[in-house]
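Colleague: using only what follows, build the 3D model:
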Amino acid sequence: MKVVGVGCGPGMLTGEAARVIAAAALVYGSARAIALARPHIRDGCEVHEIDDYKALRSLPADAVVLSTGDPMLAGLGYLGGEVVPGISSMQVAFARLGVSQVRGVVVNAHGKDHAAAIALAVEEIGRGRVVFLIADPAFSVPDLAAALDGEVRIAVCEDLGYPEERIDVGTAAAPPVPVSGLFVVVAGF
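Modeller: So this is what the prediction gives:
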């Protein structure tokens with residue numbers, strides 16, 4: 001099995017990923033991942049939208065599994081096999097904000113305990129780190145902001161790489177509010 005990162009938005013698929021996808025005869029992915037890879041999927045390739053993530057480990061060896069962003073940043077890299085990296089939302093967010101990734105630490109709140117993620121984010125910001133928080137649509141930026149000192153900078157980065165991309169920067173005292181369900185948060189920069 002090969003797990004291929006398709007980037008976090010259109011046009012963010014690497015040349016290596018495009019070559020692997022173009023050579024594949026069997027592709028699995030989410031609807032969004034398939035849409036991002038579609039220009040590189042050859043005619044006659046068998047394409048399946050993933051409906052059971054637990055079944056992915058039993059796929060044939062020649063299967064290509066598409067993962068949005070980078071498979072090793074809260075993606076499908078845990079499946080094992082060969083991993084082809086993709087351009088992650090962290091890379092794009094930090095580049096757009098002009099923040100070095102060397103200062104960054106990842107906090108994953110997507111489908112996780114949001115209170116625990118907020119506590120970890122506060123702890124890391126207290127250590128001088130810039131937190132890259134992977135959110136889900138239910139994540140509350142105001143709850144994160146309420147746990148931070150008012151002067152801490154917070155950015156909400158939405159729909160990265162898509163035409164409707166939006167980055168809103170504020171502080172914990174006046175936090176930005178996401179309007180899309182597809183967003184990440186950068187705090188402490």
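
Colleague: pull out the buried positions in stretch 104-124.
Modeller: Neighbour-count burial for stretch 104-124, counted by 16 or more other Cβ atoms under 10 Å, picks out 104, 105, 107, 109, 114, 117, 118, 120, 121, 122, 124. Any C-beta I mention is one placed from the backbone N, CA and C, and that applies to glycine too.

Colleague: right, I mislabeled it, should have said stretch 79-89
Modeller: Buried, per 16+ other Cβ under 10 Å, within stretch 79-89: 79, 81, 83, 84, 85, 86, 87, 88, 89.

Colleague: how near is the residue found closest to residue 61 once you drop the neighbours it is linked to in the chain to residue 42?
Modeller: Excluding the flanking residues, the one nearest residue 61 by Cβ to Cβ, 6 or more residues apart in numbering is residue 1, at 6.2 Å. Residue 1 sits 19 Å away from residue 42, going by Cβ to Cβ, to the nearest Å.

Colleague: which of those two has more neighbours?
Modeller: residue 1 (20 against 11; other Cβ atoms under 10 Å).

Colleague: from residue 116, how far off is that one?
Modeller: For residue 1 relative to residue 116 (Cβ to Cβ), the value is 31 Å.

Colleague: show me where this protein has strands.
Modeller: 2-5, 26-29, 46-49, 64-67, 82-84, 104-108, 130-134, 153-158, 166-171, 183-187 (DSSP state E).

Colleague: give me whichever of those is most buried.
Modeller: strand 64-67 (a mean of 28; mean count of other Cβ atoms under 10 Å).

Colleague: who does that one touch, helix- and strand-wise?
Modeller: The contact analysis (3 or more Cβ pairs under 8 Å, 6 or more residues apart in numbering; DSSP states H and E) places strand 64-67 against strand 2-5, helix 15-23, strand 26-29, helix 31-37.

Colleague: check the gap between the residue of the chain most remote from its centre and residue 60 for me.
Modeller: Here the chain reaches farthest from its C-alpha mean at residue 44, the gap being 29.3 Å by Cα atoms, centre = their mean. Separation of residue 44 from residue 60 (Cβ to Cβ): 17 Å.

Colleague: just to revisit the earlier point, and the pLDDT for the residue nearest to residue 61?
Modeller: With respect to pLDDT, residue 1 scores 95.

Colleague: thought it was touching residue 79?
Modeller: Yes: using Cβ atoms under 8 Å, residue 1 is in contact with residue 79, at 6.5 Å.

Colleague: where do the contact lists of those two overlap?
Modeller: Residues touching both residue 1 and residue 79 (Cβ atoms under 8 Å, 6 or more residues apart in numbering): 56, 65.

Colleague: what's the farthest-apart pair in the buried residues of stretch 104-124?
Modeller: Between any two of the buried residues of stretch 104-124, the greatest separation by Cβ to Cβ is 19.9 Å, found for 104 and 114.
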